[in-house]
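A.B. asks: Sharing a sequence plus its predicted fold:
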Amino acid sequence: MAISIAQRTRKFASGSEPGAGGRAPGSRNLRQRIWDARWCYLFMTPSLILAVMFTFYPLVASWYFSFLDWSGFTSNKTFVGLDNYREVVQDQYFWSAYKRTFLFMLGSVPVRLILSLVIAMILNDAALRLAPLLRTMFFIPVVTTAAIVGIVMTFVFSPFNGPVNDILKAIGLIDRPIDFLGDPGSAMWTVVGVHIWKNFGITMIYWLAALQVVPQDLYEAARIDGAGVWRLFRDITLPLLAPFAAIIALITVVQTLQVFPIVQTMTGGGPFFSSEVMEVYIYRNAFGEAGIPRLGFASAAGVFFGMTVMVIAIVQGLGLRKAQQRRRDFAGGGA
Amino acid sequence: MKPVSRTIQTSRISRRTVLGTAGAGVLGSIAARGGSPVFAQDATPPADPTQINLPEARVTLPTDNVTFQWVDSGDSKALFFNKYFDTFHEAHPNISFDYLGIPWTEIGELVPLGIRNGNAPDVFQVPNTMPVAEAVREGWVRPIDDLIPDFENWKAAFPEGSFIEGIHLFNGRMYTFPRSTSKRGLHMTFTNRQLLAEAGFDPDTTQWTWDTFRECARKVTENGGGEYYGVMLAGKQVGRWADYVRNMGRLAGSSAGPDDIDYRTGEYAYTSDGYLAAIEMLLALKADNVVFPGSMSLNDPQARSQFAQGVSGTLWEGEWSMPIWIRENPDFEFGVTPLPTQSDTWIPETYANSAGNHQWVYAESKHPEIAGEIFSYLGSEAGQLAFVSITGGSDPSIFASANQNAPLDPRMQIAYSIFDDRMRLGPDVRIRNPDASQVALNMTAPQPAFGDVIQGIYTGQLGDAKAAMQDLKDRSEAALEDAIAKAQGAGASVSRQDYVFANWDPSQDYSEADYTALG
C-alpha cells in the first residue's frame, strides 16, 4: 500500500530508520551504535591523528607558551603568569593590528559576499552555456598559492611599469603612477582588493551549492505571475538562502581574519605598520625580526585574538539559532 | 657513495651553474693532482687559486661509511663548499657530505629543532637572532681546539687579535674561528656607469658629497624622463633604512658603534646631528622626486636585480652584490664608490667583530674529527685563498694575503680598499666585560626599531623626525637599562658604565692597549 506523503514526511523529519523489527529509535545503546559505525571511525582515525598533532596539540601548547617568557629556542623558560597578557593589552601596536584586522574583514566580507552571490546567481542559470567555463575561471585564483600571488602582485601594482598603473595611465584616469603598496593610505586596501579577487571564487561555490536548494518551479510560478527579477530575488531567493547566508558569512569572516601569506608577501605589514594585521604582528614577535624572538609573548597575543574570534563566532551562532527558532515558530504556527 | 649536496638559494644562482662549477672543480682537481705537490704548507699561490688542492688528512678520519652534515646560509659560500665537499669526497670516498645552504629564517627553525631532537647538523651556523654566547651556554656547540691538528701553529697564522673572548673564546676554549673579517658591509654606492656618464658624472673621479650626489640624482632623473631615476632604495627591507642613516650619519661625525651607541658617552646616537642630517638628506631626495617609484615595495634581492636592469643611477648596497651581478648580468657596467659624505671631510665608520657568519661544531656530533680537518684547511692561508677566489670575494677573508692574491674583479678590490679606508674597529663591551653578553640576551628590542622609525619618517607617517628620533632614543635607553637590570638580577656583574669608553678615538682602531689603559 502506498504510504501517504504526510506519513513519509513525518518519518523523514523524525529521522528514524525504517527498522525491520519495528524497534523504536534511541533504544540501541551507545556502544552498539559505535560498533555499527566502526568502519567510519576507523577511516576517520588517520585524519583525527593528524588533526590532533597539527591543530589541537599546537593549540593547547600555545596556551601553555603564553604563560612563559621564552624565546622559543633556548632552554630557559620562565613562568610569568599573566605578564604576557598584561603586556599585550598595553601594547598600542597590538590594538592597531587588532583594529586593522577587523577593518580588513569589514572591507572585504560584504564585498565578497555580495559579489559572489550576484555571480553565483548569474551562473546558476542553466541556460548560460559558458557557465561551467566561467565557474572554473573564477575559481582558479582560489587554488593558487597565496604567497606566490602576493609576490607577483607587488610587480603588478608597481608604480614603475606595473600593468595596473600602465592601464590607468593609458585610459587617462591618472597622469602620475600611484604607489599602491608603498603609500600607507592605500597599502592595506590594495591587499584587500587582491584578497577579494583571490577568494571570492570559493564563496561563489558556496552560494551555488546553496542556490540548488531553491526549487526552479517556484521561479517558474512567480514568473508566470508576472514577478520581475528584483521581486524574484527579494521574495524567493533571499528568504530561502537566509540560513545558508549566515553560515557562509561566518566561514568568510573567519577566513578573512587569517590572511597572513598575502599580507606578508605584498607589504610585510608595512610601510611602517600601516597594513599590519594580527597574524603579521604575531609573526613579527614570534620570530623576532628585530632582536630576540619572543614566542611566549606572541602566543599570548595569538590566544587573546583567538578568544575574540571565538566570541564572535559564538555570538553569531546564538543569533543564528535564535533566527531559526523564530522561523520555526512562525512556520509551525502557520501550517 | 655519491655526495649529496642540496642547495636552496635565495639569490638566482641556478642549480645548473652550481653543479657545473662543482663538476669542473672535480675534473680540475683530478687533473691537477697528477703533478702538483700538496699545497698545505706551500708559500707560493697555486697557478689557479680556484682549484682546491686538498691537503693530506692529518687527523684520523673514519674508515666506515659516514655522512657529514653541514648547514649554513648558502649564497656565495655554497659555491665554495659544494666544490670543496666534492673534492673531499673524491679523496675519501667513504665520507659523504650533506650540505644545506638555506636562508637565515630557516636556519632559525632547523637548528633549534635539531638540537631539541638530538640530531642537529654536525656543523652549523647559529641562528642570527640568537647571541652566540647563548649557544655556548646552552651546550649546543663544542670546542674546536682539540679537533684541529697542530692547533697552536694554525692559530698563530691568524692576524693579531682575531680571537675574542665572548665571541670565539669561552672559558679559555676556542669554539669557532673567524673565516671572514667583519670589516665589510653596506658602505658603498654602486653606480650605473652609463646613466651617470650621460648626466656628466664620472663615478671614479667625483668627490661624492651629499650635494654632488643630489645634483647627480636630479640630472639622471631628468635624463630618464620616467624610464630611470637617480636613486633606488630597498624600502621594504626595514633594516636598510637603519643602514643608510647610520652609515651616512656616522661619516658626518656622529660616531657610534654598529649598535648605534656613542661609546664616548655610552648613550644612543639617535638624536645626534649626523643622524638627523642624514634623515634630512633622505627626505630631500624624496622631495626632489629622484627616488625610483616602487622603492617601498623592493627588498634587497629585488632592488639588486632591478638596478642591474638599468632603472636607477645609484644603489647603496654591500659588496656581496657584485659577484651576483658579475655572474648574472655580465654586460652590466657598474662602478663602485664610497658613500657620499656631508662635506669633504669625514670620520671613519666603526665596526665590531661579529660572530654572525661563523661555523660551529655540534656538541653531539658523531664525527667531530672531520670538522677538525675541514676547519684546519678553511682556516689556513691556502683554504682562505681558495675560498675567496671561488666565491668572488663577497666574504672578505680574515687573511689580507688571501684578499690580495685572489683573482678578484678589480671592482671588488675597490670595495676592499673602501673598507680599509673608511672603517675602524671600535671598542666592544663584550671584550671589556664578558658578562655583558647576558645583557644582549635579556634585551627586548624597542618597537618600532630604528629601521621602522626611519621608514615611517620617510613615508610621512611620522611627521616630526626629531620627535620620533627622541622617542626612539628614550625607548632604546629604557630597553638597555631594563636589560642590564635583568642581567644583574641573573647574577651578571655589568653596569651602564661598561658602555662608556672615554679613550675612544673613532678615527683609529681600538686596540688591546686601549682596553688596558681604561683600567
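C.D. replies: Looks like it arrived, so ask away. Numbering: from 1, shown residues only, chains lettered A, B, ... in the order given.
A.B. asks: Residues of chain A that sit close to chain B?
C.D. replies: A:71-75, A:93, A:154, A:157-160, A:162, A:177, A:179, A:181-184, A:267-268, A:270-274, A:287-294 (C-beta under 8 Å from any C-beta of the partner chain). Just so you know, the C-beta spots here come from the backbone N, C-alpha and C atoms, and that holds for glycine as well.
A.B. asks: Could you tell me how many residues sit around A:Ile119?
C.D. replies: 19 (other C-beta atoms under 10 Å in any protein chain shown).
A.B. asks: Does it touch A:Met204 like I think?
C.D. replies: Yes - contact criterion C-beta atoms under 8 Å: A:Ile119 and A:Met204 qualify, at 5.5 Å.
A.B. asks: For chain A, give me its nearest residue in the stretch 101-250 of chain B.
C.D. replies: B:Pro112 (3.6 Å; C-beta to the nearest C-beta).
A.B. asks: how many neighbours does the closest residue to that residue other than its chain neighbours have?
C.D. replies: Among residues not flanking B:Pro112 along the chain, A:Phe73 sits closest, at 3.6 Å (C-beta to C-beta, 6 or more residues apart in numbering or on different chains). A:Phe73 has 22 neighbours, counted by other C-beta under 10 Å.
A.B. asks: Pull the contacting residues for residue 284.
C.D. replies: Going with chain A. A:269, A:276 (C-beta atoms under 8 Å, 6 or more residues apart in numbering or on different chains).
A.B. asks: Not quite, go with chain B.
C.D. replies: Contacts of B:Ala284 by C-beta under 8 Å, 6+ apart are B:Arg214.
A.B. asks: That one sits in which helix or strand?
C.D. replies: Assigned by DSSP states H and E, B:Ala284 belongs to helix B:273-287.
A.B. asks: Ok, B:Met443 next?
C.D. replies: Judged by DSSP H and E, B:Met443 forms part of no helix or strand.
A.B. asks: Now do residue 307, the pLDDT please.
C.D. replies: In the absence of a named chain, this looks at chain A. Confidence at A:Met307, expressed as pLDDT, is 91.
A.B. asks: my bad, the chain I had in mind was chain B
C.D. replies: pLDDT recorded at B:Phe307 is 95.
A.B. asks: orientation of the longest helix along chain B relative to helix B:273-287 in degrees?
C.D. replies: Ranked by number of residues, the top helix in chain B under DSSP state H is helix B:465-489. Orientation of helix B:465-489 against helix B:273-287 (axes from the mean of the first three to the mean of the last three C-alpha atoms, to 10 degrees) gives an angle of 130 degrees.
A.B. asks: neighbouring contacts of the next helix or strand along the chain from helix B:465-489?
C.D. replies: The first helix or strand that comes after helix B:465-489 along the chain, using DSSP H and E, is helix B:512-518. Outside helix B:512-518, the residues that touch it by C-beta under 8 Å, 6+ apart are B:161, B:427, B:431-432, B:501-504.
A.B. asks: repeat for stretch B:254-272
C.D. replies: With C-beta under 8 Å, 6+ apart as the criterion, stretch B:254-272 contacts B:246, B:249-250, B:273-275, B:347, B:350-352, B:354, B:426-427, B:450, B:466, B:469-470, B:472-473, B:476-477, B:480, B:496-497, B:499-502, B:504, B:506.
A.B. asks: Show me which positions of it end up buried.
C.D. replies: B:254-264, B:266-272 (16 or more other C-beta atoms under 10 Å in any protein chain shown).
A.B. asks: Out of these, which sit inside helices?
C.D. replies: Of the positions in the buried residues of stretch B:254-272, not one sits in helices, assigned by DSSP H.
A.B. asks: Could you find the closest non-adjacent residue to B:Leu425?
C.D. replies: B:Leu425's closest residue in space is B:Asp509 (C-beta to C-beta, 6+ apart), at 4.3 Å.
A.B. asks: Return the distance of the one you found relative to B:Thr516.
C.D. replies: Counting by C-beta to C-beta, to the nearest Å, the separation of B:Asp509 from B:Thr516 is 15 Å.
A.B. asks: Please identify which of these two sits among more neighbours.
C.D. replies: Using other C-beta under 10 Å as the criterion, B:Asp509 and B:Thr516 rank with B:Asp509 on top: 15 against 8.
A.B. asks: hang on, isn't that one packed against B:Arg424?
C.D. replies: Yes - using C-beta under 8 Å, B:Asp509 is in contact with B:Arg424, at 5.2 Å.
A.B. asks: now the residue of the stretch 201-350 of chain B found nearest chain A, nearest residue through space, not along the chain?
C.D. replies: Nearest to chain A, among the residues of the stretch 201-350 of chain B, is B:Met296, at 2.8 Å (C-beta to the nearest C-beta). Spatial nearest neighbour of B:Met296, excluding adjacent residues (C-beta to C-beta, 6+ apart): A:Gly182 at 2.8 Å.
A.B. asks: Kindly report the same for A:Asn84.
C.D. replies: Per C-beta to C-beta, 6+ apart, closest to A:Asn84 is A:Ala300, 3.6 Å.
A.B. asks: Which pLDDT value goes with the one you found?
C.D. replies: pLDDT, A:Ala300: 95.
A.B. asks: Torsion angles phi and psi at it?
C.D. replies: The phi/psi pair for A:Ala300 (degrees, to the nearest 10) reads phi -60, psi -40.
A.B. asks: residue in the stretch 51-200 of chain A nearest to chain B?
C.D. replies: Closest residue of the stretch 51-200 of chain A to chain B, C-beta to the nearest C-beta: A:Gly182 (2.8 Å).
A.B. asks: how about the residues of chain B near chain A?
C.D. replies: Counting by C-beta under 8 Å from any C-beta, chain B sits next to chain A at B:105, B:108, B:111-112, B:115, B:127, B:129-130, B:134, B:138, B:235-236, B:238, B:292-297, B:311, B:441, B:443-445, B:447-449, B:451-452, B:455-456, B:459-462.
A.B. asks: next helix or strand past the strand or helix carrying A:Thr252?
C.D. replies: Using DSSP H and E, A:Thr252 maps to helix A:238-256. Later in the chain than helix A:238-256, the nearest helix or strand by DSSP H and E is helix A:260-266.
A.B. asks: That'll do, ta.
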